[in-house]
Every structure is written in C-alpha cells, then in structure tokens.
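[1] Sequence and predicted structure are below.
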Amino acid sequence: MGLFKRLFGQITPGKNKVRILCIGLDNSGKSTVINWLKPKKAMAQDVVPTVGFSVEEFTKNGLSFTVFDMSGQGRYRNLWEHYYKEVGGIIFCIDSTDHIRMCVAKDELDALLEHEELRSVPILFFANKMDLPQAVGPVQCVQNLELSKITDKPWHIAASNALTGEGIDEGITWLGTQMGRAARAK
Amino acid sequence: MAQPAPMAQPAPVTGEQVMAAARANEERKARSIWLHAWHDPVAGLKAYSPCVRMADISGDRDSKLLVAGSDRKLKIYKGTSLLSENVLLDAPVSICTFYPDANRPKLPSVAVAAGSNIFIYRNLRPYYKFPLPTLPVSPKEAAAWEGMRLGRTSIAEAKVALAAARESGVALTSVSQELVAADDEASAQQLVDEHKDLPLIRQTVCTCMEVLKREMEDEDAVSMLVVGTESGLALVLDPSGSTILVNVQLPSPPAFMAVGGLFTVDYRIVCACRNGNVYSIKNGELSGSVIELESMPCGLVRLDKSILVGCMTNVVHSFHLKGRKLYSIYLPAPITCMQLLAITKTRSIRALLVALSTGELRLYNEKHVVATLQFNEPITAIRFGCYGREDSALAVVGESGALTIKMMQRLADLEASTTPPGPPPEQDVPLSIPKKTKLYVEQTQREREQATEMHRVFQRDLCKMRLATARAYVKIITDGQGPMSYSAGSALRLTAQVQGLGPRFKIKLELQNSGSKVVTDMSATFTYNSMLYRLKKSVFAVPVLIPGLCYRLDADVEYVDENGGGADAIRVMVCSPKSSLPALSAIVNMPVSEGLFSQY
Ligand SMILES: Nc1nc2c(ncn2[C@@H]2O[C@H](COP(=O)(O)OP(=O)(O)OP(=O)(O)O)[C@@H](O)[C@H]2O)c(=O)[nH]1
Ligand SMILES: [Mg+2]
C-alpha cells in the first residue's frame, strides 16, 4: 500500500514503535477509519461498536505501528487518558452529522487538550461521514470545536468518508510528516 | 499598668490559602455542568412536562424527543431537526412510550392520553385507541331522558329535573350538562333530537399517565401504562394497552403520579391528588398512610426510597415512602415544573430538577443545590433522559415555545459536599492585628477614661470648622471676591497672569463663562496704586460672554515710581451693571520691577 510507504518513509528508522491513539465520540467512525487503514486481507467486513478498546498492530518496512482504537461510549471515555503516555499522534474522529453532540465532542476535546502528556503531540481531526447529506464541512467543525484556539500542538482537519477511504490518505500523510518531524527533533 | 496577655497565635493557614481554596471552589462551580447543545427559539412548542418524553422509537439507538403539544400536534425531533409532525384528535395530557412485548426488534409504542381515550401509536402510525371505562349514569338522569324519549315530559321540565339532580350532587353526563346549559329552545331541541335515542354515557377524562415495568428493570423490558382519571381512578393496563388489570378508586382525582417497582414483583404508585393529599397504592391496594399537604401539589418526583412533592407555597417536601417527613426545600419563587434527573449507565445519580417561575432551573442533590441554570423566560416543561446518543440530555421548553437542549458533562461534579453550608470563607482569614505597644495601651486607657470630654472637644471643633467653611463660602458667592462667580445664574471664571520684567508689564486676563447662559454687559476694571503704576486703559468693556469660549484681555501696565524696585498688588474686578458688588475679582501680585530706564 502506497499510503503506508509514504507514512513510514517519513519516520526515522530505528525508533520503530509508533503509537497512535484514535479517539472520538461513539459512532463517529473510529473503528471504520482504522479498518480502512489495515492491509486488504485483514480488513473486517462489519464494524461493530468497540467495547473498551482494541489494539491494531501493523508491521510495514520493519516498523511496527500500534493504533489504539478506543471506544467512544460514555462509560469507556475515562479510559482514554490512561493511554496518553508516549503517544506519537492522535486521531480525533468527529461525526460531522451529529450536530447535537458537537458540544460533547468539544468538551471531551478540551479535556484532552489540557492534558500535560499530550503537549506538542500532533492531532489529526477527521470530519467523518462527509458523504451523508446532513454533514457539516471541516470549516464548520473548526468553528464548533474552536480548533483555532489550539496553539501548543500541530493540528490538521480533513473531511473523510471512512467507508470509501476518501480523505483519509491526506490526513494520514500529514500525521506521518508531523510525527517524522517530532522523531527527528528528539 | 500590666501588659495585656499576648494575642493567641493565628491559625497555621494563611489568609491567601483560604481565599485561594475558596476561589478555586467557586470557579469550578461557575463552570456550568451543562453543555449547550441546541436552542430553537421558534420551535413553537406548547407543552408541559408530562407531554415531553425521550425515547428510542425507531430502535436505531438514536433517541428521539416526543412533544405532544396542547395545540394538538405530536412533534418528534431527531437531533437538531423535526422528524415528523402528527395531528392529535384531542388536547393531550401526557405522552408515554412503553414496550408492549419482548419481540425483536424491540420497538416501543407511543401512548398519548387525550380526553377520554388513550391513543397508541406504533411506528408513528395510529394503531389502537383505548377508551377509558364509562361511569354509571344516575337513575334520576336516566329517568329524565326516558321521559323525553317517550314524550311524557317536555324539554323544559326535563331541564329543571336535571338541574335539580345536579344541585343534589349527582354527576351528570356531558350531554345533560350541555342541555342544562342550553339557553335557547332550538338548540335544546336539536340536542335532544340528536341524543334521545342513543344510550347515555358518562365519560371521564385522563389526568395523568406513567409507565410501570412488568417483570424486569431493563430499559427495553415489557412495560405497562398506569393511568389516572378525573373520576379518581388509578388504572393499570396490560402491556398491549387493551385491558385493565388493576383498578383502584382514590378519594380524589390524581394530578401527578410517580411509579416504581415491578408489576409482577412489588410495585408502588404514588398519587398526588387534587384534594391536597398524597396517596400511595402498593401492589394494587390503596395504602392506609396518607400524606396531607399544607397546600396544593404542583409536582411529584420519586427518588429511590423517598418522594418529593412540590407545593404551591414554593416549597418541596421530601417524605419517606412510608409517609415520614424527611426535609423541606424552601424556594424563592413558585415552582413551574419538577423532574427527576437519573443517571444509571456511567454512574449512579438521582437528583431533582426544579424550575422556578423566574426562569431558574435548579438541580438538587438531596437538599443541596449542586447546579443552576438561568433561562430568560419561565419554563413550562423539562425532561431529562437519553437524547440522540447522549445519555444525560436535558430538554427544556420555555413559555414562548422555545426548545433548548443541554447536555451534562460526563464528569460533572454533583456531590453536595462541595458546598459546605455555613459561614463564608473570609471568616477564616486571620486579621493582621498590630502588636499592642505601651503607647497604644496608654492611649486606650485615656480614651476609655475621658471619652466624653474628647468627644465634646471634637464636636465643638467640628462645629467651628463648619461655621468657618460656611462663612467663607457665603463671602465668596456674595462678594465676588474669588475668581469664580455663580451669581445671577451664570458661572464666570477669571484668571490673571502677569508677563514682563518691568518697568512694562502686561496683565493677561482670561474670562470664561462656564455656565450655560450668555452673559452680557460686563466690564473689567483695575484698581491700583497710581503712584506706582500707570495703565493705558483701565476699563475694558466685555459686551458678551458666550458659554465655553475663552475671552482674553491684555492690559499694559507701566511701573512709574522713580525710586524703582517697588511692587504692589493690582486688583482686577469684573462688574456687572446690575449689581454694586463686583461679580468677581482677583488680586494680581506684581513682581518687583527691574531698574527704571525712563525716557522722561
Ligand atoms: N455514511 C458513513 N458512515 C460511516 C462513516 N464512517 C463510519 N460510518 C458508520 O458509522 C457507524 C459507526 O462506526 P464505528 O467505526 O463503529 O464507530 P466508532 O467510532 O468506532 O464507535 P465506538 O467504537 O462505539 O466508539 C458504522 O455503522 C459505520 O458504518 C462514513 O464516513 N460515512
Ligand atoms: Mg469503535
């Protein structure tokens, strides 16, 4: 997969464990995004709501890539912060059709941004489900979640459709570049 | 004199620490526990709390908001949009959702209590109508109608008989009531023609409706409707909503009901009735313990083992289920709605929401306020539950028909202990009292012994000073001795300045009218020692002084004393023709003149 080559090409070899945390409210499409990133044969046909969290590992070009797919359900959200240690990047999925819960997404995001351990960790936002008619664009998401107020870490937002993979490449490429930069700076 | 005992050591906490802790606590409180999700000011809803419910009626785990409005419209909201709108046949009093069976997929039915029927909807389509049981018709009324049908009594006679029956306390059917009230013969005749061959039916209407689970506590477990009627009945229907399983007669029509427990195990229906009493039905039997309220109930909520009753006297009483009074919450304004706030999934919390007529919404944990929310209009309905995919959502309907959705923060602090009742934190801050020196002690002693005298001296001096001030003031405003004048309703200001080293000087005058009226016909003159000074022009006419403008007058003064080195004061006076006293005056102290190089 060209995408992975691109992603890992930018991360310095040697430091070969990259930890990515995928979070967001329930039903926002986190597992679907990660499912799409998996190699073709490992892809699941049906994505079911995650219980607790699940860990996906892919090895490519001698690099191992660990994604923590956290559950977004209210009762599991307190697990998120236990996995913030040594995280290289964060993927935050936003269900861009769920207008009524934007305030909840913002509240969870604000709590995350305040966290000391995530200082200067790059965050990639997916304004997911862009294919649906009620979806709002990434610009509206930036406004609703007040993303422009984030100053202490690099961030990027991409509209995505996790079912077809549209927009995911672009976002992941950005995240790879950022993590590569951070790794080189170490 | 003995030195007083040293002051007690201050507490180890410093003032800053106490205040910082109090501030941090306050800040946390101020950050509202409610997240603002959505506000629709033009939703146009007219509904009370029993007519607003949340339920997952389509089985997609996306819970909807159902609002049965008194404008006879059933509106269903999904997220931020109106999903559907159905017309109701009668004004609703309550809307409930219940699971009639355990079949999958589990879809709840919607029941709307309106008038004498309960309309049941499945998949948003009318499905079934349950009419409330009819009431017996009194023999007197039946006889009157029988007489009319057989033509034995005239309509007028029947009307009198029916009115007399009503007077004696017989409850009439709605048709008879209409007949008694009909004032012209034609309409009475028409009414009788229409109804005389139909059976007489006395109907009752529904006053409240709630849901009771049958055998399991689960959210989607089979459940049944509990209905209160105007005739004072409390009915429990079977899960399909077609037959009455339990029928209990209450002493008065129930206005509010709170239901708890399981039908097949143990259940209790608490009814706050129109006679101001709260009755309790336990497993189908009216229990003997009655709670008598001091005023009419206006809200009822059940929390686990206790019931909370809101009264018209701005108070919420908490009673144990057995009837023992626990505590009372006194409120500053009338209660408009009361609702239960229950969180079960992420943590276990049961609290009381109370809306006041001031638009304030308070959240009480036990008797402590843990959060407040201010709306800019009185609230007519509140409902807390699962909306969309959020488990702790709050829907609020305002008097203007506005709909507001708020969501509770996941980690919201609802503990009552965070606000310790009692004195404010400032009280614990130790004051920085200075050390008691010998001088201080002696002074205090003196003050104690000669207090009267000191006070008298002080008062006398104060009076003298006031008198001196008043005198000086009077002098200024009447004599025109100062550079300011307030006479004749105008306010003038004069400033004078001397320029030059001598023997020639220039006195620059600035006259300003700081009042609001134009002053006319003023003149400025100088009085001086003519042995020392000579002025080219000593009278200046000031024909008009416009408010705000600054008028400049320059007077050339020459020092003429041959001995030189002398100086005197020159008086400047501004006079008005209306008064013999100058309006204002100033004294210009002339500087000592330089040597005289006179040409004369
Ligand atoms: N139309 C559309 N549907 C999507 C998209 N992404 C995800 N979905 C659907 O959204 C639903 C939820 O997706 P999940 O990936 O399970 O969501 P999640 O964020 O992992 O949810 P939790 O594990 O419960 O936290 C699934 O039915 C997906 O098919 C998208 O881009 N477009
Ligand atoms: Mg998932």
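    Alright, I've got the coordinates. Ligands and ions are numbered 1, 2, ... in the order given.
[2] So residue B:100 sits against residue B:240, correct?
    Yes. Contact criterion CB atoms under 8 Å: residue B:100 and residue B:240 qualify, at 5.2 Å. For glycine as for every other residue, the C-beta is placed from the backbone atoms N, C-alpha and C.
[3] The two - which one has more neighbours?
    Using other CB atoms under 10 Å in any protein chain shown, the more surrounded residue of residue B:100 and residue B:240 is residue B:100, with 22 against 15.
[4] List the residues that contact that one.
    B:109, B:222, B:239, B:240, B:241 (CB atoms under 8 Å, 6 or more residues apart in numbering or on different chains).
[5] what do you get if the cut-off is 6 Å, keeping everything else the same?
    By CB atoms under 6 Å, 6 or more residues apart in numbering or on different chains, the residues touching residue B:100 are B:109, B:239, B:240.
[6] Spatially nearest residue to the residue nearest to the spatial centre of chain A (excluding sequence neighbours)?
    By CA atoms, centre = their mean, chain A has its centre lying nearest to residue A:91, at 1.4 Å. Leaving aside its sequence neighbours, residue A:91 sits nearest to residue A:22 (CB to CB, 6 or more residues apart in numbering or on different chains; 4.5 Å).
[7] tell me which parts of chain B are close to ligand 2?
    By CB under 5 Å from the ion, no residue of chain B approaches ligand 2.
[8] What residue in chain B comes nearest to chain A?
    residue B:35 (4.0 Å; CB to the nearest CB).
[9] The spatially closest residue to that residue that is not a sequence neighbour: what's it in contact with?
    Excluding the flanking residues, the one nearest residue B:35 by CB to CB, 6+ apart is residue A:103, at 4.0 Å. Residues near residue A:103 by CB under 6 Å, 6+ apart: B:35, B:36, B:37.
[10] And the helices in chain A?
    A:2-9, A:30-37, A:102-113, A:138-144, A:168-185 (DSSP state H).
[11] what's the most buried one of those?
    helix A:30-37 (a mean of 24; mean count of other CB atoms under 10 Å in any protein chain shown).
[12] now for that helix, which elements pack on it?
    In terms of contacts (3 or more CB pairs under 6 Å, 6 or more residues apart in numbering or on different chains; DSSP states H and E), helix A:30-37 is packed against strand A:17-24, strand A:63-70.
[13] If you average pLDDT over each of these, which is lowest?
    Among the helices and strands packed on helix A:30-37, strand A:63-70 has the lowest mean pLDDT, at a mean of 82.
[14] Would you tell me whether that one gets close to ligand 2?
    No. Strand A:63-70 lies out of reach of ligand 2 by CB under 5 Å from the ion, never closer than 5.7 Å.
[15] ok, that strand: who's next to it in the sheet?
    The strands that strand A:63-70 pairs with in its sheet are strand A:17-24 (parallel), strand A:53-60 (antiparallel) (by DSSP bridges).
[16] Residues in a beta bridge with residue B:112, which ones?
    residue B:95, residue B:119.
[17] thinking again about what came up before, where does the residue nearest to residue B:35 land on pLDDT?
    So residue A:103 comes in at 93 (pLDDT).
[18] quick one: it from ligand 2, how far?
    Separation of residue A:103 from ligand 2 (CB to the ion, to the nearest Å) stands at 21 Å.
[19] do residue B:46 as well
    Residue B:46 is 41 Å from ligand 2, by CB to the ion.
[20] secondary structure class for that residue?
    When classified by DSSP: H, G, I helix; E, B strand; the rest coil, residue B:46 comes out as coil.
[21] In contact with it, which residues are there?
    By CB under 6 Å, 6+ apart, the residues touching residue B:46 are B:69, B:70, B:71.
[22] Run through the residues that contact the closest residue to residue A:34 other than its chain neighbours.
    Using CB to CB, 6+ apart and skipping residues adjacent in sequence, the residue nearest residue A:34 is residue A:69, 5.1 Å away. By CB under 6 Å, 6+ apart, the contact set of residue A:69 is A:22, A:30, A:31, A:34, A:50, A:54.
[23] Quick check: pLDDT value at the residue nearest to the third one when sequence neighbours are not counted.
    In space, residue A:31 comes closest to residue A:47 once its chain neighbours are excluded; the distance is 4.7 Å by CB to CB, 6+ apart. At residue A:47 the predicted local confidence, pLDDT, stands at 88.
[24] pLDDT for the contacts of residue A:103 - can I get that in CSV?
    Shown next, in CSV, are those (pLDDT from 0 to 100):
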residue, pLDDT
B:35, 92
B:36, 93
B:37, 94
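[25] Looking at the residues you listed, which are in strands?
    Mapping the contacts of residue A:103 onto strands (DSSP state E) picks out B:35, B:36, B:37.
[26] So among the residues you listed, which ones count as buried?
    B:35, B:37 (16 or more other CB atoms under 10 Å in any protein chain shown).
[27] tell me what the helix ranked longest in chain B is packed against?
    Taking DSSP H as the criterion, chain B has its longest helix at helix B:451-479. Packed against helix B:451-479, as judged by 3+ CB pairs under 6 Å, 6+ apart, are no other helices or strands.
[28] Could you pull out the buried residues of that helix?
    By neighbour count on 16+ other CB under 10 Å, the buried set for helix B:451-479 is residue B:476.
[29] and if you look at stretch B:357-376?
    B:358-365, B:368, B:370-371, B:373, B:375.
[30] Would you format the residues you listed as JSON lines with pLDDT and distance to residue B:580 included?
    Formatted as JSON lines, these follow (pLDDT from 0 to 100; distance: CB to CB, whole Å):
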{"residue": "B:358", "pLDDT": "94", "distance to residue B:580": "66"}
{"residue": "B:359", "pLDDT": "93", "distance to residue B:580": "68"}
{"residue": "B:360", "pLDDT": "93", "distance to residue B:580": "69"}
{"residue": "B:361", "pLDDT": "93", "distance to residue B:580": "74"}
{"residue": "B:362", "pLDDT": "93", "distance to residue B:580": "74"}
{"residue": "B:363", "pLDDT": "92", "distance to residue B:580": "78"}
{"residue": "B:364", "pLDDT": "92", "distance to residue B:580": "79"}
{"residue": "B:365", "pLDDT": "89", "distance to residue B:580": "82"}
{"residue": "B:368", "pLDDT": "88", "distance to residue B:580": "78"}
{"residue": "B:370", "pLDDT": "88", "distance to residue B:580": "78"}
{"residue": "B:371", "pLDDT": "88", "distance to residue B:580": "76"}
{"residue": "B:373", "pLDDT": "91", "distance to residue B:580": "73"}
{"residue": "B:375", "pLDDT": "93", "distance to residue B:580": "71"}
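[31] can you map out the strands along the stretch 301-450 of chain B?
    B:306-311, B:315-320, B:325-330, B:335-343, B:349-356, B:360-365, B:368-374, B:379-387, B:390-398, B:403-408 (DSSP state E, counting those that start in this stretch).
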